[in-house]
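A.B. asks: With the sequence up front, the predicted model follows.
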Amino acid sequence: MKYSSKDKESIKEYARNLLNTSLREFYGEKLTHRFDNKKAKGRLGQVIEEEFFGYKVNSNKEADFKEAGVELKVAPLKSIKIKEKSDLLREQKGISAKERIVLSIIDYMEVAKETWDNNSLMKKCKELLLMFYLNEKDVAVEDLKFELINLWTPSDEDMKVIEQDWNIIVNKVKEGRAEEISEGDTLYLGACTKGSTAEKSKRKQPFSDVEAPQRAFCLKRSYVDSIIEELMIRETYIQQEKYKSVSDKIKGVSFDQAVLDTFERLKGLSLREIIEKYDITRERKSKSFNRLVIDDICVKEFGDKLENLSEFQKANIEIKTIVLKTNNMPKESMSFEQIDFCEIVNEEWEDSKIRDKFENKKHLWIIFKLKTKEDKVADVSLEDIILEKVMFWNMPMSDLEGSMKKVWKDTVEKIKLGDYDNFIKIKDGEIAHIRPKAKDSSDLMITPQGTYEKRKCFWLNAKYIKEQIEKED
């Protein structure tokens, strides 16, 4: 034991002995037997705890180093394409968070008794010793190298968002709706499913007879990316200008509320009136004109486009503009990323891209309504396009685990059979459907059968979008 378990700086400096090295390089062949069980998850973290720091793995409510108030988390990085001209150090180096950081299992029976000012999560996990290693394919666990090791605690601004997130999660438990919790409910702090499958790890909740999937508090992956960037800046002693932040422009409210308030003030105004109000000079050439105007508004209000603001990057919020017809039906269904035919057939639902998209992300919908019945939005005058509503949305768990899962499973089965002509359609009555999203007829993608088919993607049905908008009224 070459560190003091009562002194967080001593713990940190001892941990940093592993920086830029692997356990094999540090110990030689002494610990290789600890990695014999190749199927055991988290075995690197377990060896760090038991062999390097010298304490037994446990599920105590206290922090791992309780006298110093520090919790240990060993987490993987993944390699991404290097972007030499990026403003982000992690993109210049070509690394990103591989997954969320799981903090602690949520005990529904106990958390319902807590308040933010006296909650068990922050008692255990307010200050973290983060040990990030680069996860490389076909490299033995004992040879994986640690890239970043340091102490970390949320900033005051981030803690306000985490408090808001915690209250959203806990309030659902207190309302007897723990089965409806979704990672998309929140911004930085998530509640991820924890267990072999959601069905096999159900738990009792205090105010309902319905059992809910076991979940754990976690730091969402997009937020972990911001932590990695912060630690890299600290590591290299680069005093970079901070990302632009909504927090710099607002007082007394959360950043998501500041965004809602900004657009609430514009409700009922036409695009022409909004453009004149903000003195926007933009020609109406692009199909995404409405979205570009939104960007212009945010530059004026917050100093930059929303997706460039640090809070939006940390929360991984996706922005969509929606246009409603005079009968309140969206002009079109909403498309998402194209389906990689060869990749999707190797997914499991629990870890699928589309489930991750709708469970873990929050979506910002900015909704316009037409005053006339023109077929094309481009033919409608700017005076007749009215800002109707703005809302944050994430897919309800009942829809995600019901209809959306059905569409995904049907899609995978059809691809495995080589049937690319009979995917679920709008008329089939689910919340989503599959149809092409390609540049032209020559824009094709390879299939598991070795043939080439027109690119397709998941679309949320216009009828479903209308229902979700009206639920918020």
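C.D. replies: Yes, it's here. Numbers count the residues shown, from 1 in each chain.
A.B. asks: What residues sit buried inside the lengthiest helix in the chain?
C.D. replies: Counting by DSSP state H, the longest helix found in the chain is helix 156-174. For helix 156-174, the neighbour count (16 or more other Cβ atoms under 10 Å) marks 158, 160-167, 169-170, 172-174 as buried. In this view, the C-beta of every residue, glycine as well, is placed from N, C-alpha and C.
A.B. asks: got the CA coordinates for stretch 147-165 in CSV?
C.D. replies: Output of stretch 147-165 as CSV, limited to C-alpha atoms (Å, rounded to 0.1, in the frame of the first residue of the first chain):
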residue,chain,number,x,y,z
GLU,A,147,-4.6,7.2,-21.3
LEU,A,148,-6.1,9.5,-18.7
ILE,A,149,-6.1,9.3,-14.9
ASN,A,150,-7.3,12.1,-12.7
LEU,A,151,-9.8,13.3,-10.0
TRP,A,152,-12.9,14.9,-11.3
THR,A,153,-16.0,16.5,-9.8
PRO,A,154,-18.8,18.4,-11.7
SER,A,155,-18.7,22.2,-12.0
ASP,A,156,-21.3,24.2,-10.2
GLU,A,157,-23.1,24.8,-13.5
ASP,A,158,-23.1,21.1,-14.3
MET,A,159,-24.2,20.2,-10.8
LYS,A,160,-27.4,22.2,-11.3
VAL,A,161,-28.2,20.2,-14.4
ILE,A,162,-27.4,16.9,-12.5
GLU,A,163,-29.7,18.0,-9.7
GLN,A,164,-32.5,18.6,-12.1
ASP,A,165,-31.9,15.2,-13.8
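A.B. asks: And that stretch, how far out from the chain middle?
C.D. replies: 16 Å (Cα atoms, centre = their mean, to the nearest Å).
A.B. asks: mean confidence score for that stretch?
C.D. replies: Averaged across stretch 147-165, the pLDDT comes to 94.
A.B. asks: just for the protein, where's the confidence low?
C.D. replies: 1, 30-42, 196-200, 237-251, 473 (pLDDT under 70).
A.B. asks: hmm, try it at 50
C.D. replies: 40-41, 238-242 (pLDDT under 50).
A.B. asks: Show me what the helix or strand harbouring Ile11 is packed against.
C.D. replies: Using DSSP states H and E, the element containing Ile11 is helix 8-15. Using 3 or more Cβ pairs under 8 Å, 6 or more residues apart in numbering; DSSP states H and E, the elements in contact with helix 8-15 are strand 128-134, strand 146-152.
A.B. asks: Including mean neighbour count and distance to Lys202, could the ones you listed go into CSV?
C.D. replies: Formatted as CSV, these follow (neighbours: other Cβ atoms under 10 Å; distance: least, Cβ to Cβ, whole Å):
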stretch, mean neighbour count, distance to Lys202
strand 128-134, 22, 29
strand 146-152, 20, 33
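A.B. asks: Which among those strands is found nearest to Phe423?
C.D. replies: strand 128-134 (38.1 Å; Cβ to Cβ).
A.B. asks: Need the contact partners of the closest one.
C.D. replies: Residues from elsewhere that reach strand 128-134, judged by Cβ atoms under 8 Å, 6 or more residues apart in numbering: 8, 11-12, 15, 18, 44, 48, 64-65, 70-79, 95, 101, 144-153, 227-228, 231.
A.B. asks: what angle separates it from strand 146-152?
C.D. replies: Strand 128-134 runs at 170 degrees relative to strand 146-152, counting by axes from the mean of the first three to the mean of the last three Cα atoms, to 10 degrees.
A.B. asks: could you pull out the strands for the stretch 1-150 of the chain?
C.D. replies: Listed in chain order, the strands of the stretch 1-150 of the chain (DSSP state E, counting those that start in this stretch) span 71-79, 95-97, 101-105, 128-134, 146-152.
A.B. asks: And the first one, what's buried?
C.D. replies: Going back to what we said before, that points to strand 71-79. Neighbour-count burial for strand 71-79 [16+ other Cβ under 10 Å]: 71-77.
A.B. asks: Parallel or antiparallel, list what pairs with it.
C.D. replies: strand 95-97 (antiparallel), strand 128-134 (parallel) (DSSP bridges).
A.B. asks: May I see these organised as TSV, with distance to Arg291 added?
C.D. replies: Formatted as TSV, the strands paired with strand 71-79 follow (distance: least, Cβ to Cβ, whole Å):
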stretch	distance to Arg291
strand 95-97	26
strand 128-134	35
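A.B. asks: Go through those and name the closest to Lys409.
C.D. replies: Smallest distance to Lys409 across the strands paired with strand 71-79 (Cβ to Cβ): 28.4 Å, for strand 95-97.
A.B. asks: Of all the helices and strands packed on helix 8-15, which one is nearest Ser201?
C.D. replies: Per Cβ to Cβ, nearest to Ser201 of those: strand 128-134, 24.8 Å.
A.B. asks: Kindly export that closest one (C-alpha atoms) in CSV.
C.D. replies: Listed next in CSV are the C-alpha coordinates belonging to strand 128-134 (Å, rounded to 0.1, in the frame of the first residue of the first chain):
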residue,chain,number,x,y,z
LEU,A,128,-14.5,10.5,-8.9
LEU,A,129,-11.1,9.0,-9.6
LEU,A,130,-11.4,8.4,-13.3
MET,A,131,-9.0,5.9,-14.9
PHE,A,132,-9.6,5.8,-18.7
TYR,A,133,-8.0,3.1,-20.8
LEU,A,134,-8.0,2.7,-24.6
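A.B. asks: How far away from the center of its chain is it?
C.D. replies: With Cα atoms, centre = their mean as the basis, the mean position of strand 128-134 lies at 19 Å from the chain mean.
A.B. asks: residues near the nearest residue to Tyr452 once chain neighbours are set aside, how many?
C.D. replies: What sits nearest to Tyr452 in space, not counting adjacent residues and going by Cβ to Cβ, 6 or more residues apart in numbering, is Leu444, at 4.0 Å. Using other Cβ atoms under 10 Å, Leu444 has 13 other residues around it.
A.B. asks: That'll do, ta.
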